[in-house]
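Asker: sequence and computational prediction follow.
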Amino acid sequence: MSFDPAILARIQFAFTVSFHIIFPTISIGLAAFLAIMEGLWLKTRDPLYMQIYRFWLGIFAMGFGVGVVTGIVLSFEFGLAFAKFGQMAGPAIGPMIGLEVLTSFFLEAGFLGIMLFGFNRVGPKLHFLATCMVALGTLLSASWILSANSWMQTPDGVVVEHGRVVVTDWLKVIVNPSWPYRLPHMLIAAYITGSFLVAGVGAWYLLRGEHQAFGRRTVSIGLTFATMLIGCQVFVGDMLYGKMLEHQPAKMQAAEGFWEKQSQSPAPYYWFIVPDQQNQRNRFALGTPYLGSIWLTHSLKGRVEGLKNTPRDRQPVMGWVFYGFRTMYGLAIIMFGLCIASLWLRWQGRLFTTRWFLRSLVVMTPSGVIATLGGWYLAETGRQPWVIYNVLRTADAVSPVPAGVLLSTLIAFVCIYALFMTAFLIFTFRMIRRGPQAAPSEPVATGSLKHALKPAVMNDPAGRNPAPVE
Amino acid sequence: MNLPLLSALFTAFALSLYVLLDGFDLGVGALLLAQSDERLRDRMVDSIMPTWDGNETWLIMAGVALLAAFPIAYGVLLPAFYIPLIVMLLALGLRGVSFEFRYQVEQGRRFWDAAFGVGSIVAALMQGLIVGGLIQGVAVDGERFSGSVFDVFQPFPALTAITLLAGYVLLGAGWLHLKATAPLREFAQRCLRLAAPAFVCLAVATCVTAAWVQPGIRAAWAAHTIALTVICVLFAGTTAALLRAIGGRVDGRPFFLALALFVLGVAGLGFGIFPDIVPFRLTLWAAASSTLSHVFLLVGALIVTPVVLAYSAFAYRTFRGKTPEAGWEA
C-alpha cells in the first residue's frame, strides 16, 4: 500500500489544526465572558457573579491548557511537513507569529497563573486586571493569527525573489485585503460560541430544576450576548462573502454547489448535493427553488456562477467547501431563529420556563464550535490547491519526509488527541453535573479555586478540605 | 547593521531561556516518577504550576524566531528532526494536559502523574537528541534537507539525550530544594546528590565525544582555545561549589549554581557552532530572510521583550518563597 506524502501531510495538518481551533474558539469567548462576570462582581458584589466566574473558570482553564499544547504543535508544523512553505513564506508570516507569541502568549501565560491561583495573592482589582489581560491576550492572538492566515488567502505587500517572499510593505502584509473582514468574523464567532456554551449549560440546569438562580442568570446573559452578536455576524459575514467573491471567486463558486458557468434561471439554493468532481457535475442536488437567485443575486431570476469558470487545475474540491459553508450557514440560521425566539419569550416572561426552548438551547450548546469549524473548512479547503493563494501550491510545499513516517505520526496524533478530547469532555461533563455550588461563591482563603478543581476531595468526608457553604 | 546576527542573538536568547526555565519544569516532572507519596507529588506539581506555561512559551518563541529570521534553516532543520520534534511535541502535550487533568481525578491521579513524568522525560530526551543531531551534522543539499529522518538515531545523539535529561533532573531537584519544605526538601537533596555528579560526568563525556565525531568542534577548539578553556575552568569551579552547596543553609544555592552550569554549557555550544545556524553546513547569513523581516521581528522584540520579562518576573514574585503545603490558595 502506498500513500502520497502530500495527502498525508495535509490530513495531518488538517487534523491537528481542526482539533486546535476548537479550544481557542472556546477560550476567546469564555475569557471575555469571565472578564465581564468579574467586572460585574466588582461593581455589584453580587456573589452570584463570582459563582458564575468560579464555575466557568474551571472549564476555561482546562480548555486553555489543551489549546496551548495543541497550539505549540502548529508553530512547528509549518516546517515539519511543509518545509518549502516555511522557507518561502517565513519572512512574511514568521514575524507576525513571532509578534503573536510576544504580545499574546506571554501575556496569557504571565497572567493566567494569577487568574487561576492568585485569588489570595493579589487584591480583587489586580485579579480583575489579570483576567482582562488574559482576555486581551486571546484577542491579540486571534488578531495576529488571522492576519497571517488572511495573508495566505489574499497575499499582499510582498514580492517573490528566488522562490522566497520579500516583504516590501509590512502594513499591506498585516492589513491585507481580507483581514479587516475575517478578524471580526472570527472574533464574533468565538463570542457567539461562548454565549451558546454558557446559555446551554444554564438551560440544562433549568430543565433539571437545579441551580435555578445560576441557570437563569447565565441563560439570560448568554442569550443577550448571542442576540446582539448574531445580528452583527450576519452583517459582517455578508461583507466577507462579497470580499471573497472578489478575491477568490473559485471558493465561492464551490461554496454554492453550481458547476455550469451560468446556473439555470431561476437558480435554486442547494442544501444537499453529491458532487462529482471528475465529471464536473452534481450526481444529485436538493435545493429550494428561486432562493438561490434571491439570496445570491438579489433578483428573482438571476443566474449564479459555477465552478467551471475556474480552470480545473485551480479548482478546490467542491464537497468540502460546500459542506463547510452549509454547516456554518445552517447553524447560523438556527442560532438566529433561537435568538429571535428568545426575544419574544423574554417579552412574554416565559424565557426560563419554556421547555422546548430550553431543550433547544441544550442541543445547541456546541453549535458555535461546529459552525466555526465549518467556516474554517470553507476558508481553508476553498483556498486549495494553493497554500498561498496564487503564489505557492500546497503540493509543492511538502517536506522530504517519507510517507510511512508521516502516517505513523498521524496515527500518533490521532491517538494522543483522542485521549485529550475524551478526558476534556469527561471532566467538563463532570464539572457541569456537579454544579456551580462546587465552586465557592466568595473568593475566601478556605475555599480555594484549586479545591474547586478537586471536587472529589471535597466530597470525601475525610478529606482535608471542608466543603464550602453556599 | 548586521541584522541576521541580532536576530540570531534573539533566537539564541529565547532558546537559552527556554532551556533554563522549562529545564527545571521538565526535571520536576521527571522526578514525579521517583516520588511514591502522592501528597508530595501534589506539592511538586504545585511548585511549577503557576509558571510552567510561560516557561514553555519560550520554546515557541525560539521556533517562530527561526521561522521569521532564518526560514531556510527552519525548512532544513525541521524535516531533519521530524521524528524527535513530533515525539517531543506530543510528549509536551501529554505533560501539559496532565497539569490540568490530574486535579480532576482522585482515583486516577496516578495515571496522569505517570503521563506527566513520562511526557517530561521523553520531551527532555528528544531535545537532547536534537542537540546531538545538530552537532553530529545534518545533510544539506542547497536549501533542502537531503538526509534521512532516521539519521538522528545514532550513538552520539543518544549520549547528548541522556546528558540533557540528567541536567534537567539536576535543575528540577535544585528547584525543589529551593521551593519545598521538609520532607520534600530531603527528597530534593537526595536527588541532587545523584544528579549533580551524573550530569557533570555525562557532560564531560559528551564534550569529548563531540570533538571526536565532529571535526567542526575540533576546529572551534583551535579557533577559540582561550574562551573555551575559560568556560571549562568555570564549569569545574561551579561543579565544586554545587556539590558543596547541597544540603547547605542557603536553599536556593544549588538551583542557581545548576543554572550557571547550563549557561556555561550553552555558551560553550555557542562558541562551538557560531556563526552557523545549521551547524557546519549553513551560516546564519546564508539562511537569513530579507531585511524588513528582521526589522519587524527585532523592533517588536526590542519593545515587547522587556515588558514580557517584567511581568514574568512579577508572576514569579507573586508565587515566590516556599510553595504552601496545602496549595496556592491556602
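Answerer: Sure, I can see it.
Asker: chain A contacts on the stretch 151-300 of chain B?
Answerer: Counting by Cβ under 8 Å from any Cβ of the partner chain, the stretch 151-300 of chain B comes close to chain A at B:289, B:290, B:292, B:293, B:296, B:297, B:300. No exception for glycine: its C-beta is placed from N, CA and C like everyone else's.
Asker: top of these by neighbour count?
Answerer: The residue in these with the most neighbours, by other Cβ atoms under 10 Å in any protein chain shown, is residue B:293 (30 neighbours).
Asker: returning to that earlier point: would you turn the residues of the stretch 151-300 of chain B next to chain A into CSV with pLDDT and secondary structure?
Answerer: Below are those laid out as CSV (pLDDT from 0 to 100; DSSP: H, G, I helix; E, B strand; the rest coil):
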residue, pLDDT, secondary structure
B:289, 79, coil
B:290, 81, coil
B:292, 83, helix
B:293, 84, helix
B:296, 84, helix
B:297, 85, helix
B:300, 85, helix
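Asker: show me the two of the residues you listed that sit farthest apart.
Answerer: B:290 and B:300 (16.1 Å; Cβ to Cβ).
Asker: and the strands in the stretch 101-250 of chain A?
Answerer: For the stretch 101-250 of chain A, applying DSSP state E, counting those that start in this stretch gives strands covering A:158-161, A:164-167.
Asker: and for chain B?
Answerer: B:140-141, B:144-145, B:276-278, B:282-283 (DSSP state E).
Asker: right, so these: which one is the most enclosed?
Answerer: strand B:276-278 (a mean of 23; mean count of other Cβ atoms under 10 Å in any protein chain shown).
Asker: for stretch A:21-30, which residues meet the burial criterion?
Answerer: For stretch A:21-30, burial by neighbour count (16 or more other Cβ atoms under 10 Å in any protein chain shown) applies to A:21, A:22, A:23, A:24, A:25, A:26, A:27, A:28, A:29, A:30.
Asker: next: stretch A:35-43.
Answerer: A:35, A:36, A:37, A:38, A:40, A:41.
Asker: may I have that stretch as PDB, with CA atoms only?
Answerer: Extracted in PDB, the C-alpha atoms of stretch A:35-43 (Å, rounded to 0.1, in the frame of the first residue of the first chain):
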ATOM      1  CA  ALA A  35     -13.800  39.300  32.400                       C
ATOM      2  CA  ILE A  36     -17.400  40.700  32.200                       C
ATOM      3  CA  MET A  37     -18.500  38.500  35.100                       C
ATOM      4  CA  GLU A  38     -15.700  39.500  37.300                       C
ATOM      5  CA  GLY A  39     -16.200  43.200  36.400                       C
ATOM      6  CA  LEU A  40     -19.900  42.900  37.200                       C
ATOM      7  CA  TRP A  41     -19.000  41.200  40.500                       C
ATOM      8  CA  LEU A  42     -16.500  44.000  41.400                       C
ATOM      9  CA  LYS A  43     -19.200  46.600  40.600                       C
END
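Asker: any residues touching that stretch, and which ones?
Answerer: Stretch A:35-43 is touched from outside by A:46-47, A:49-50, A:52-53, A:56, A:124-125, A:127-128, A:131-132, A:134-135, with contacts defined as Cβ atoms under 8 Å, 6 or more residues apart in numbering or on different chains.
Asker: quick check, residue A:272 in a strand?
Answerer: Yes. Assessed with DSSP: H, G, I helix; E, B strand; the rest coil, residue A:272 lies in a strand.
Asker: give me the beta-bridge partners of it?
Answerer: Counting by DSSP bridges, residue A:272 is bridged to residue A:286.
Asker: and for it, the neighbour number?
Answerer: Neighbour count of residue A:272, defined by other Cβ under 10 Å: 13.
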